[in-house]
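In: Sequence below, structure please.
(2 chains)
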Amino acid sequence: MEKRPAALLLKFPGTDCEEETARALSVVGFHPEIVPFAALTADHVLLARLVVLPGGFSYGDYISAGRFAQLEIERKLGHTLSEFIVDGGYVLGICNGFQILSRLGILPTGSLVENVGRQFLCRWVTLKTMKTNSPYLTLLPPEFELPIAHGEGRFVSRPGLAARYVERGLVPLVYKDAVNGSEESIAALQDETGRVIGLMPHPERVLYREDYYDGDLNIDSPWGWGYYFFKSIYEAVTQTGHSARQIKEEIGALYR
Amino acid sequence: MPESVLAAPYETIPILDMAEADLESLSRSRKLSLGISDLLEIKSYFKSTGRNPTCVELETIAQTWSEHCKHRIFNARIVHRSNRDVTPIDGLFETFIRNVTEEINRDKPDFVLSAFRDNAGFINLNGRLAACLKVETHNHPSAIEPYGGANTGLGGVIRDVLGAGKGAKPVASIDAFCVGMPAASRESIPADRIHPLGVLRGVVRGVRDYGNRMGIPTIAGAIVFDSGYALNPLVFCGTAGVLPVDEILKEVRPELNIVLLGGRTGRDGLHGATFSSASLTSESPTDDRRAVQIGNPIEEKKLMDCVLKARERGLIDFITDCGAGGLSSAAGEMVSETGGRVYLDRVPLKEENLACWEIFLSESQERMVLGVRDEHLDALRNLAEMYDTECTVIGETTDTGSLEVFHQDIKVCDLECEFLHSAPRRTLRSEYRPRAAAASILVPPTDLRAALRTILSDVNVASREPVIRQYDHEVQGNTVIKPLGGLNGDNPADGTCIRVDGSGKSLAIGVALSPSYGVLDPYRMGQSCVDEAIRQVVVAGANPDLIALLDNFCMGNPDDPEELGALVECVRGMSAAAQIFKAPFISGKDSFYNCYESTDGRTVSIPVTLLVSALGVVEEKRHLTTTAFRRANSMVCLLGTTHSERGAGVYERVLGETGGVVPGLDPDRALELYRCFYRCVREGWVRSAHDLSDGGLAVALAEMAFASGGGVEIDLHNVSCDPALSSVDILFSESNSRILFESDVEHLGGIARCFDGLPFSIIGRTIGHHSNLVVRAAKEVILNEPLKELKLPWKNGLQRYF
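Out: Got it, this is the predicted structure:
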């Protein structure tokens, strides 16, 4: 059997989305392992190819989202995560994971604060792919839909910074319409390498075609957009050398 | 019993010397909610043992015998009078629910795997996996503290599912609220009650903050606004779960460790079970606040993670939740067949100096009680540490047949399980007098345009979007039919569906409530709720022969023969409908004393209320069907017959008419219609489908068209209906068993053959070149409305309240 690249999913008390994220990772070819934070060691991180911080409400998120998890990671892992990134590791934070990554300071400076609507918001959004070096989006079209579900997803930073992030290619995804008041409609952020990404939308919830909110959406593919998101990472991590186009054709053949 | 007099941690209650009046005042002062016959039964039991009870014993009996825990009204003998007929009913539950279910199950032996035994009943999905659904009410707490009440209402029902079988995995939650009118004036609500809008906002936030944090999608629900709930709101919370079939059976045997897992125990939630078995008074807010528990979803999340892992690893022999009555009820239930000992001083506490009965009775949340073998204890403790939750052995099961409780080495309770679990049966009297036909008040030839607009913006019809958006309905990544869908993502679904990983099937869930029907005709309300709940899941693509039902009843004072009479009629109607659809019941719950006693001695009861939930199986993902029109130039078909049945419906209520008839049910055709519809679904002939309910054809048609971007044209002349029905009737009648669906022209031949001999009509088509809703009556246009204009008030009808 081929050796699958290892994906580590961190589970804090209150993390909710680890199982569906692990399912998506497994479907595209990873070997996912969910590790409760109490059992986590630095070795878990250093032996993985991809570290995932899934969505949820870590420690309840009672003091602003992700803050407690950030402190716990710093306490327990020290610089391990930074070392991992320097060594070429990939880090993905979804929703609460994005909030935690922002606080850890390994993404461009800024905060995810309460939505302008001041309410938790569960809906679908159209996302636009921006020009970046992101390896997470190679198989995705210029516009696609994913669901969001968050109360604190509005990205804010010091005046002018958000626009600079866009210019510098650090913003891989933006909302097409105003959703939560994010500056520059930022839906995702990445580091300079592109290997670290945080995004508010939930690709793991759209693995299959029947996961769309409308039956007529993207009907030519057997998979949902989330599949292509995770498949992109898989291709980047394993560097099969296949071009995005080749992979798209393979997937198409599978469907026919 | 204890000889020791050293600092007794308990008190002895001298009931053996008490006369009836003293017993009753004892029940009142200790909030036991026990009637005189129960008190006398308890006295005679202790007389036979030759001693007085301890406070722990008395409280334990009161909790165990409370209406909340033992469903004593549904098990009571009832002498029911309807007109001149007097019928003895040997238990509502036995007669109308259990017997009917057993009869249905005989014809479908592989469908229901367990019912009424456990925390929740299970249905078979694919031979390997089973699914369950449980719905509970949390009315009394939510009236006093809406946020906390709804919070713990949801938390409680999630634990119910977690304690079903050896620990089912919660996969979806539902909620239904009945509240007073949101625009009610402040003066119309007594100062000690919370305004309906405050209640609504509080309970929505309560469900949101608990459900979202638990990572369980809240996928379906209902909100009913009716002035009858202004003083006593109702809050229903439900959770569905999935479990491997071979993990359903659990058994207690002697020498298991009784393990308490989860949060700590405090003074919160004392007397919840007995409190909810009595009516609210104007003193309730201060007096009963400590009966409302405090929720902590993260505590429960950790507990859930731990339980599910422990079950996967085979560490659990038995499990049940700590709900009403706390440990007394959880441990009491667990050891009811064997006997057992509990040591209260081992229970981890939130605060010091709890009296022993407080520890035993506390309803502190986020706790489960497990039966675990010695050899599994270490593994369970490791898991608890991993998931950051507490695990404590607090006792053991025995073979003595007695529940023994110790505190500081002193035995504070020693009750025979057989006595504890055999609450005396009550006998009640009920009376139903059909309402005399109300004088018919008809609004003069109505302006249909205005009527349609008013109805679409009515609080009971308008989109629930402002609430739904606050609930994460897609976490776990399996919500394949979402509460909102269609091209714009704002079309309301009927049944919502959850894919069950590893089974190839999906669960469809529908809920139905129509309390206004019950005021006029409770029997037909029972029928209608069953039909609507089933219709919702059939419309979503479920197999009509694989649907199980749950019943949740709420009412005021069961000791009032007329109120009880309405309940009896409602149960009869519901039961008859379940037989017609061959749909078994798998669990249910009832809530009484939803009445308010004001300071001037007035009593206000809620209308008799029934919530029916349907749990259906969608066999293949291609059967999943949504509610929005999807193509231009497809045919719009209507299944079922339209009668003049506007009684207590939206049209009557909104326009102030009276005199209509409440929708009934056709016993010969209802199931056949749904089976034929299902055949069309399997053939792939149904593009979209929507059920006709509140507001009838007009509302259903508008809702289907809202998301399409195009228009729709129908002719009422084509609708299969009773002769000489008016346009108003055809548009707004709420007759049951009707489905509106969209199909491509090429399938019409097949569809027509499929419905041969059944009421079925092609009433119009969807339009690409305009976006209006056009209704004709025999070719003459009677409505021609831009859908955009109709949609706005419908979409924003509730927005201003959030």
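In: So which residues on the stretch 1-150 of chain A come close to chain B?
Out: Counting by Cβ under 8 Å from any Cβ of the partner chain, the residues of the stretch 1-150 of chain A lying close to chain B are A:11, A:13-17, A:19-20, A:23-24, A:36, A:38-39, A:55-57, A:59-61, A:119-124, A:147, A:149. (C-beta placed from N, C-alpha, C; glycine too.)
In: for B:T265, what are its contacts?
Out: Listed by Cβ atoms under 8 Å, 6 or more residues apart in numbering or on different chains, the contact set of B:T265 reads B:G326, B:L327, B:V347, B:P348, B:L349, B:K350, B:L354, B:I359, B:S362, B:S364, B:R367.
In: how about the helices in the stretch 1-150 of chain A?
Out: Per DSSP state H, counting those that start in this stretch, the stretch 1-150 of chain A carries helices over the ranges A:18-28, A:42-46, A:67-77, A:80-86, A:96-104.
In: B:G660: which of those is closest?
Out: helix A:18-28 (47.7 Å; Cβ to Cβ).
In: for the record, mean pLDDT for the closest one?
Out: For helix A:18-28, mean pLDDT is 98.
In: what packs against that helix?
Out: Applying 3 or more Cβ pairs under 8 Å, 6 or more residues apart in numbering or on different chains; DSSP states H and E, one finds that helix A:18-28 makes contact with strand A:6-11, strand A:31-36, strand A:50-53, helix A:225-238.
In: Find the residue at the geometric middle of chain B.
Out: Residue closest to the average C-alpha location in chain B (Cα atoms, centre = their mean): B:V135, at 3.8 Å.
In: Mind telling me what element that one is part of?
Out: Secondary structure from DSSP states H and E places B:V135 in strand B:129-137.
In: C-terminal to that strand, what's the next element?
Out: helix B:139-144.
In: Beyond that following helix, next helix or strand please.
Out: Following helix B:139-144 in sequence, per DSSP H and E, is helix B:146-162.
In: Which neighbouring elements make contact with that next one?
Out: Secondary-structure packing of helix B:146-162 (3+ Cβ pairs under 8 Å, 6+ apart): strand B:129-137, helix B:139-144, strand B:169-179, helix B:196-214, strand B:234-244, helix B:297-312, strand B:318-321.
In: nearest spatial neighbour of the residue in the stretch 251-400 of chain B that chain A sits nearest to, skipping sequence neighbours?
Out: In the stretch 251-400 of chain B, the residue that lies nearest chain A is B:I298 (4.1 Å; Cβ to the nearest Cβ). Nearest residue to B:I298, sequence neighbours excluded (Cβ to Cβ, 6 or more residues apart in numbering or on different chains): A:G60, at 4.1 Å.
In: And for the one you found, the neighbour number?
Out: A total of 19 residues lie near A:G60 under the criterion other Cβ atoms under 10 Å in any protein chain shown.
In: That one reaches B:P297, doesn't it?
Out: Yes - the pair A:G60 and B:P297 passes the contact test of Cβ atoms under 8 Å, sitting 7.1 Å apart.
In: residue contacts, whatever residue of the stretch 601-750 of chain B ends up closest to chain A?
Out: Distance from chain A to each residue of the stretch 601-750 of chain B (Cβ to the nearest Cβ) is smallest for B:K621, at 5.1 Å. By Cβ under 8 Å, 6+ apart, B:K621 lies in contact with A:E210, B:V480, B:R499, B:G504, B:S506.
In: Among those residues, which one has the most neighbours?
Out: Each of the contacts of B:K621 was scored for neighbours by other Cβ under 10 Å, and B:S506 scores highest at 27 neighbours.
In: what sits against the residue of the stretch 351-500 of chain B found nearest chain A?
Out: Closest approach between the stretch 351-500 of chain B and chain A, counting by Cβ to the nearest Cβ: B:G477, at 3.3 Å. Residues near B:G477 by Cβ under 8 Å, 6+ apart: A:C17, A:E20, A:R23, A:A24, A:H202, A:E204, A:R205, A:V206, A:L207, A:D211.
In: hmm, 6 Å instead?
Out: The contact partners of B:G477, by Cβ atoms under 6 Å, 6 or more residues apart in numbering or on different chains, come to A:E20, A:E204, A:R205.
In: which residue sits closest to the first one, ignoring its sequence neighbours?
Out: What that stands for is A:E20. Excluding the flanking residues, the one nearest A:E20 by Cβ to Cβ, 6+ apart is B:G477, at 3.3 Å.
In: secondary structure class for that neighbour?
Out: State at B:G477, reduced to three classes by DSSP: H, G, I helix; E, B strand; the rest coil: coil.
In: near chain B, which residues of the stretch 151-256 of chain A?
Out: Applying Cβ under 6 Å from any Cβ of the partner chain, we find that the stretch 151-256 of chain A lies next to chain B at A:E204, A:R205, A:E210, A:Y213, A:D214, A:G215, A:D216.
In: Please flag which of those sit within strands.
Out: Among these, none falls in strands (DSSP state E).
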